[in-house]
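> Need the 3D shape of this:
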Amino acid sequence: MLVGAALGVCLVALGFLLTAVCRTVMQLNALSNIGALVFAGIGGALTPLSTLPGWARGGGAGHPQLLGHAGFRSVILDGASVGAVLLPCAMLLLFGVGFGLVAARRFRYAETKTSWA
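The predicted model follows:
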């Protein structure tokens with residue numbers, strides 16, 4: 001649960017960042033789809049990292065998806081305790097805070113005003 005919650009916070013903050021950066025829904029859709037495929041590839045979700053070439057293995061070393069994958073793997077497959085996932089969870093939360101801060105800085109509040117009259 002701890003890894004899932006930390007990964008969820010990180011992904012929601014990343015979604016907020018993408019929303020703040022993109023100007024249209026089409027841009028958001030394209031960027032999120034391409035980003036998901038690239039990050040899944042370098043994060044080890046599409047194929048095991050051991051089968052990737054050497055230059056691609058180092059690309060996902062500090063990536064949020066790889067951190068989540070490592071945390072889930074250590075608990076589910078290795079039977080590790082909560083202490084083994086504290087570092088990946090802390091890193092995921094750190095990424096989430098970073099994404100959130102950048103998104104809050106880049107968000108265009110003037111364009112989101114709506115009237116609820």
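> how about the closest residue in space to Val9 that isn't next to it in sequence, what does it touch?
Distances taken as CB to CB, 6 or more residues apart in numbering place Gly96 nearest to Val9, at 4.3 Å, with adjacent residues excluded. In this view, the C-beta of every residue, glycine as well, is placed from N, C-alpha and C. Each residue near Gly96 by CB atoms under 8 Å, 6 or more residues apart in numbering is listed here: Ala6, Val9, Cys10, Val12, Ala13, Leu14.
> Just the buried residues out of those residues, in ChimeraX syntax.
Under the burial definition 16 or more other CB atoms under 10 Å, those of the contacts of Gly96 that qualify are selected in ChimeraX by:
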select :6,9,10,13,14
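> now the contacts of Gly96 in CSV, with pLDDT?
As requested, those are arranged in CSV below (pLDDT from 0 to 100):
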residue, pLDDT
Ala6, 92
Val9, 94
Cys10, 91
Val12, 93
Ala13, 94
Leu14, 91
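> name the element Gly4 belongs to?
Counting by DSSP states H and E, the element that carries Gly4 is helix 2-21.
> buried set for that helix?
Buried residues in helix 2-21 (16+ other CB under 10 Å): Val3, Ala6, Leu7, Val9, Cys10, Leu11, Ala13, Leu14, Phe16, Leu17, Leu18, Ala20.
> Pull up the gap between the fifth one and Arg23, please.
It refers to Cys10. Cys10 sits 24 Å away from Arg23, going by CB to CB, to the nearest Å.
> and what of the fourth one?
Applying CB to CB, one obtains 25 Å for the distance of Val9 from Arg23.
> OK, contacts around Ser32?
For Ser32, the contacting residues are Gly15, Leu18, by CB under 8 Å, 6+ apart.
> same check, this time on Arg106
Applying CB under 8 Å, 6+ apart to Arg106 gives the contacts Leu17, Ala20, Val21.
> Might one say that Leu18 is in contact with Asn29?
No: shown here, Leu18 and Asn29 do not form a contact pair, counting by CB atoms under 8 Å, at 9.9 Å.
> CA atoms of stretch 89-109 as CSV?
What follows is stretch 89-109, C-alpha atoms only, in CSV (Å, rounded to 0.1, in the frame of the first residue of the first chain):
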residue,chain,number,x,y,z
CYS,A,89,8.7,5.6,-1.5
ALA,A,90,10.7,8.6,-0.4
MET,A,91,12.1,9.1,-3.9
LEU,A,92,8.6,8.8,-5.4
LEU,A,93,7.3,11.4,-3.0
LEU,A,94,10.2,13.7,-3.7
PHE,A,95,9.5,13.4,-7.5
GLY,A,96,5.8,14.2,-6.7
VAL,A,97,6.8,17.3,-4.7
GLY,A,98,9.1,18.4,-7.5
PHE,A,99,6.5,17.8,-10.2
GLY,A,100,4.0,19.7,-8.1
LEU,A,101,6.2,22.7,-7.5
VAL,A,102,7.1,23.0,-11.2
ALA,A,103,3.5,22.6,-12.2
ALA,A,104,2.3,25.2,-9.7
ARG,A,105,4.9,27.6,-11.1
ARG,A,106,3.9,27.0,-14.7
PHE,A,107,0.2,26.8,-14.3
ARG,A,108,-1.7,29.6,-16.0
TYR,A,109,-4.5,30.5,-13.6
